[in-house]
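S.K.: Everything below, folded, please.
(one chain, ligands or ions: 1)
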Amino acid sequence: MDDDAGGKAPMRVLIGYLRPHRWILVLGGVLSLVGSAAGLAMPLLAKYVVDAFGAKQSMAAPLIGLTVAVVIGAVVSAGGSYLMERTGEGIVLSARRRLVDRLLRLRVADVDRLKPGDLLSRVTGDTTLLRSVLTNGIVDSIGSVFMLIGAIVMMAAMDGILLLVTLLVVVVIGGLVALIMPKIQRAQHQAQEAVGEMGAVLDRALQAYRTVKASGAEGREVEVVGEAAGRARDRGLQVAGWTSLAGVATWMTVQIAFLCVLAVGGARVASGALEVSSLIAFLLYLFYLVAPIGQLVEGAVQLQNGLAALKRIREIEDLPGEPDTPVTEQRGEPVGVSFESVVFQYGEDRETVHKDVTFEVPPGGLTALVGPSGAGKSTVFALLERFYDHQGGTITVGGREIRDWPLGDLRAALGYVEQDAPVLAGTLRENLLFAAQDSSEEELWRAIRRTRLDDLVSRLPEGLETAVGHRGVLLSGGERQRVAIARALLRKPRLLLLDEATSQLDAVNELRLREVIAEVAAETTVLVIAHRLSTVTNADRIVVMEAGEVRAVGTHDELVGADELYRELAATQFLVS
Ligand SMILES: Nc1ncnc2c1ncn2[C@@H]1O[C@H](COP(=O)(O)OP(=O)(O)OP(=O)(O)O)[C@@H](O)[C@H]1O
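M.R.: Got it, this is the predicted structure:
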């Protein structure tokens, strides 16, 4: 990341985040200023109390003034700070919404390169840092600057020479702090990267939880996550180191200034050039410099932290997203598919997965894709869903070139059942309605009956309202696949893409699945990546793929006679029921 992106650009982005809240910010700023003004009046009022005491006059008026200033200062400051916290939360909320919106609209090819755990930490952790920029950062800094200027004006009124002494010390050490700030931003960015990396490693272990246990790899994974956590700690320590240095510099500023003022001021009082009460008030104002200087340094640190976080947020927001095209076409007739000399590779540095894929699927009926592992079958589905764009040849759906379809309409026309049939945490009902929220109760039950899920629903303790557990762990593999099919069917697809589970299903589940597929194929186009002989024997046509090419198309009987690879696959690779 270049310096510009780390410096000016994020600052502009930050201002973009603040703009919608500007009036609240102005109000908060005004309250903060009033609070500061009340605070500033206190030493002056204290001087009047001392003068009144010295002159043996009534102290009532200055004491009442002092009390009023204290109360107003406290109330107004509290109100201002609440407003700022509120706005801070609002900014975190909008940053999170924007980031999540972008995340879920990224192109699959970009998501392939990103680590889910790291993405999670950007949404949860980095956005939180934005709040502190606002509360501790910008607003407190505005109040502090006012306080600082006010204190300096008052000090100038007390004694110009003492002020000069104070400013000299402040400027020298302020310069030192300014040098430290960019280092804090860099260290904070690295610290957040390290936290993201830790999230990514932990996510890896949690995603493969059972494999980790079955491999006896708990200790090793704990170690790996621990190492990542260690790196996050090291980076955090760097941030802490620089921040402490800035803190020490601030503290020293005030201490040194205090000693200098005491020495010079004492001499001036002794020579009669300064009143004792003025020296006391001056020292009180000096004391007043502590808080604003501290806050300014803290604000600058928070700003560096926020800018570092913003950089990580922008890295995602700047990725191109898919076009957000609304669904305009209503459901329609089954569509056919054609691949003509399709060429595709997942990346420029990757092998060509589809070298020359040509086949045709007319509307309706069951077409099976078969072939050895790695032949490019699942890639056919990925291209049809436009998760990726093919580089050569033509793909049409319903006679229309796939790139001419509005993305929303294309995906609405397709039902897609992945091989591992993901079931989301939530109830069975939520899972079934996931792709078609507006389905009626009647449509829902029709899909349940068609996929032979009625048994399951009646067996579950709370029927459709039963929570199916994280990733559907409460369901069997066959049940998960049928839930995924029912979900896809509720979308009333014009083309159903079904990547059959490779796992062995029991005879009952196998039969049910076969019946379901046959029934659906009577209504719409079904393209199935088949892993079972029983699925393909009933298919209207079978497309045999090998190493990125289509080597034969035909029915089971035709292919058994004509294609050697198919014969082999049929004899050895399919999971025969
Ligand atoms: N997202 C991806 N990024 C990069 N390469 C990929 C990606 N998905 C698949 N591949 C590669 O593309 C090739 C074809 O994969 P594909 O999943 O289409 O084969 P398949 O015929 O469906 O195999 P299987 O039956 O084992 O699922 C494989 O070599 C695979 O490594």
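
S.K.: For the rest of this, base every contact and every neighbour count on C-alpha atoms.
M.R.: OK.

S.K.: buried ones in stretch 20-37?
M.R.: Judged by neighbour count (16 or more other C-alpha atoms under 10 Å), stretch 20-37 contains these buried residues: 24-25, 28-37.

S.K.: What about L495, how many residues nearby?
M.R.: By the measure other C-alpha atoms under 10 Å, the count of residues near L495 is 29.

S.K.: give the contact list for it.
M.R.: 334-336, 413-415, 524-527 (C-alpha atoms under 8 Å, 6 or more residues apart in numbering).

S.K.: any idea which element the residue nearest to L130 when sequence neighbours are not counted lies in?
M.R.: Of all residues not flanking L130 in the chain, G306 sits nearest, at 5.0 Å (C-alpha to C-alpha, 6 or more residues apart in numbering). Under the criterion of DSSP states H and E, G306 resides in helix 276-317.

S.K.: Remind me what that helix packs against, helices and strands.
M.R.: Contact here means 3 or more C-alpha pairs under 8 Å, 6 or more residues apart in numbering; DSSP states H and E; on that basis helix 276-317 packs against helix 3-6, helix 8-18, helix 22-54, helix 60-103, helix 127-132, helix 140-158, helix 160-207, helix 218-270.

S.K.: hmm, back to that, who wins for neighbours among the contacts of L495?
M.R.: Taking other C-alpha under 10 Å as the neighbour criterion, V526 ranks highest of the contacts of L495 with 30 neighbours.

S.K.: and that residue, how far is that from V417?
M.R.: Per C-alpha to C-alpha, to the nearest Å, V526 is found 11 Å from V417.

S.K.: and F344, what element?
M.R.: Short version: F344 belongs to strand 337-345, going by DSSP H and E.

S.K.: Please point out which parts of that strand sit buried.
M.R.: 337-339, 341-345.

S.K.: close to the ligand, is that strand?
M.R.: No: Strand 337-345 stays clear of the ligand (C-alpha under 6 Å from any ligand atom), getting no nearer than 7.7 Å.

S.K.: Show residues contacting that strand.
M.R.: Here strand 337-345 makes contact (C-alpha under 8 Å, 6+ apart) with 351-363, 389-399.

S.K.: so the residue most central in space within the chain, which of the three states?
M.R.: In the chain, the residue lying closest to the centroid (C-alpha atoms, centre = their mean) is V123, at 3.0 Å. Following DSSP: H, G, I helix; E, B strand; the rest coil, we place V123 in the helix state.

S.K.: domain parsing for the protein?
M.R.: Annotated domains of the chain cover 3-317, 337-573 [automatic domain parsing].

S.K.: got those as a markdown table, with mean pLDDT columns?
M.R.: Output for those, formatted as a markdown table (pLDDT from 0 to 100):
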| stretch | mean pLDDT |
| --- | --- |
| domain 3-317 | 83 |
| domain 337-573 | 88 |
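
S.K.: rewinding a little: quick one, which of the helices and strands packed on helix 276-317 is packed in tightest?
M.R.: Neighbour counts (mean count of other C-alpha atoms under 10 Å) averaged over each of those peak at helix 127-132, with a mean of 23.

S.K.: pull the CA atoms of that one into PDB?
M.R.: The C-alpha trace of helix 127-132 is given here as PDB (Å, rounded to 0.1, in the frame of the first residue of the first chain):
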ATOM      1  CA  THR A 127     -14.900  -0.900  11.900                       C
ATOM      2  CA  THR A 128     -14.900  -0.500  15.700                       C
ATOM      3  CA  LEU A 129     -11.700   1.500  15.400                       C
ATOM      4  CA  LEU A 130     -13.500   4.100  13.400                       C
ATOM      5  CA  ARG A 131     -15.600   5.000  16.400                       C
ATOM      6  CA  SER A 132     -12.600   6.000  18.400                       C
END
